[in-house]
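1. this one's sequence-less:
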């Protein structure tokens, strides 16, 4: 067993390997991996070949997969190949290094297969190579795996960092337990900019609300951990569940993490052409599946419990910059909100059809009345805006208003200016009680002030300032009989506006 980096020995392996025209994965194993593992100090009696690895997908046991090579700290591994709890515990306790071979030119970008083996066997490190490229990692149980080497095989003799994967080093880590500080000190010739190891809470730049969320997600598993340890455990646990596409026996927060995204089309009632196209994001955790549809203007969400629809929502977002465009898309959304049935055809392997019975959905679509009431309110406001544009021969360039007070003022301004155009009541005109001696009826609108300063405030609509300039009495009964000078008579009025500046 070599205790120091042996460049000459590795160069000899590469030179002899290049004498052959390698055609298969088995040749990569026999002519390169076996010899390299020996130079790295792994005794042949500790080398398990085609060793079965057992994993789980939720509650279901997966079919055993055989790793090409797994090196143990004990030579009796042949007794522990069967799928029993005792055997799997022995493997986890004694596993050191996994090496996976690929056919030349077939090196995958994603090392998910060898990572699967490492996760379920609790190996310290893993290597994957196709005889052309060579990648090696230390397994990090609390965060992302730590890259040791990523190089061409021909460059391997000039990469002393490969010695981090030697038998002596890996066995020492297994025996002493994982320590990220010790691990960092063992790695040589790695670029500092390739990664950043955080060990102190003070270096962890994460908002408090995010830390609180992670702590809630982990529950009791967060007890006694520093913030760094807690975040590492959360990320590593989540990544492991995602890598293995786990569904059952996983924490509830996984329902908020997207699993798959598909193209989709939304149909209403019995229409044969889609109303709109978009994407569906799939989420799941245990028996709950959530599908979130999003398009340019319509959004919807459906929740299934054990494959039965339990709840759904339909909503919208219309953010066009021009009134005419928004009105057109309000009509499109209206077709969806008023449909008897909404169907979302998902373009996945199973051809999923999500059917939302929107007509009879008081129990499922709980916010239906609220959504439709708000829709009618926004639509009414947009129609008024269009009328204002045409009356004043202007064009609004719409921008988003998020402040509730500002938004309320905007829609109040629209109502006042629109009512002024339409000679509808938008103000109250007051007169002293002795202005007239008798009651009388106002049958037609009467202009009482024109081009005068009217004591009402300006109204601002999307950058345009509207100023009151004319007031009108509206049809009503004016009651002055018996009134004194200090009495106030109130008449329904209409204030008209004009644009003074932009």
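-> Yep, that arrived. A quick note: this is a predicted structure, and the numbers were derived from the prediction, not measured.
2. okay, now the unreliable bits of the stretch 1-150 of the chain?
-> Applying pLDDT under 70 to the stretch 1-150 of the chain flags the ranges 1-4, 56-61, 141-143.
3. can we see that at 90?
-> 1-10, 18-23, 39, 41, 43-44, 53-65, 82-89, 92-93, 105-122, 139-148 (pLDDT under 90).
4. all helices for the stretch 351-500 of the chain, in order.
-> 368-392, 404-421 (DSSP state H, counting those that start in this stretch).
5. redo these as CSV? Include distance to residue 25 and mean neighbour count.
-> C-betas here are computed from N, CA, C, even on glycine. Below are these laid out as CSV (distance: least, Cβ to Cβ, whole Å; neighbours: other Cβ atoms under 10 Å):
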stretch, distance to residue 25, mean neighbour count
helix 368-392, 57, 15
helix 404-421, 64, 17
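6. so for residue 333, which of those helices sits nearest?
-> helix 368-392 (7.0 Å; Cβ to Cβ).
7. could you export the helices of the stretch 351-500 of the chain as TSV, including distance to residue 471 and mean pLDDT?
-> Output for the helices of the stretch 351-500 of the chain, formatted as TSV (distance: least, Cβ to Cβ, whole Å; pLDDT from 0 to 100):
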stretch	distance to residue 471	mean pLDDT
helix 368-392	18	94
helix 404-421	10	93
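8. export those to JSON lines and tack on distance to residue 227?
-> Shown next, in JSON lines, are the helices of the stretch 351-500 of the chain (distance: least, Cβ to Cβ, whole Å):
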{"stretch": "helix 368-392", "distance to residue 227": "40"}
{"stretch": "helix 404-421", "distance to residue 227": "35"}
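9. relative to residue 224, which of those helices is closest?
-> Nearest of these to residue 224, taken as Cβ to Cβ: helix 404-421 at 43.4 Å.
10. show me what that closest one is packed up against.
-> helix 368-392, strand 459-461, strand 464-473, strand 488-501 (3 or more Cβ pairs under 8 Å, 6 or more residues apart in numbering; DSSP states H and E).
11. what's the burial count for residue 243?
-> 13 (other Cβ atoms under 10 Å).
12. phi, psi for it please.
-> Backbone torsions of residue 243, given as degrees, to the nearest 10, read phi -60, psi -30.
13. so that it lines up with my notes, have the first residue be 49 from now on.
-> Understood, numbering begins at 49; the last thing we discussed is residue 291.
14. do you know the pLDDT at it?
-> We have a pLDDT of 74 for residue 291.
15. got the contact list for it?
-> Listed by Cβ atoms under 8 Å, 6 or more residues apart in numbering, the contact set of residue 291 reads 160, 163, 164, 167.
16. start to end distance for stretch 126-145?
-> 16 Å (Cα to Cα, to the nearest Å).
17. likewise for stretch 318-328?
-> 21 Å.
18. next: stretch 182-195.
-> First-to-last residue span, stretch 182-195, Cα to Cα: 11 Å.
19. next, the buried residues of it.
-> 182, 183, 184, 185, 186, 187, 188, 190, 191, 193, 194 (16 or more other Cβ atoms under 10 Å).
20. hmm, the last one is touching residue 188, no?
-> Yes: counting by Cβ atoms under 8 Å, residue 194 sits close enough to residue 188 to count as a contact (5.3 Å).
21. show me where the stretch 199-348 of the chain dips below the pLDDT cut-off.
-> Ranges of the stretch 199-348 of the chain meeting pLDDT under 90: 205-212, 214-257, 262-301, 318.
22. what about the strands in it?
-> For the stretch 199-348 of the chain, the strands defined by DSSP state E, counting those that start in this stretch cover 308-316, 324-333, 336-343, 346-353.
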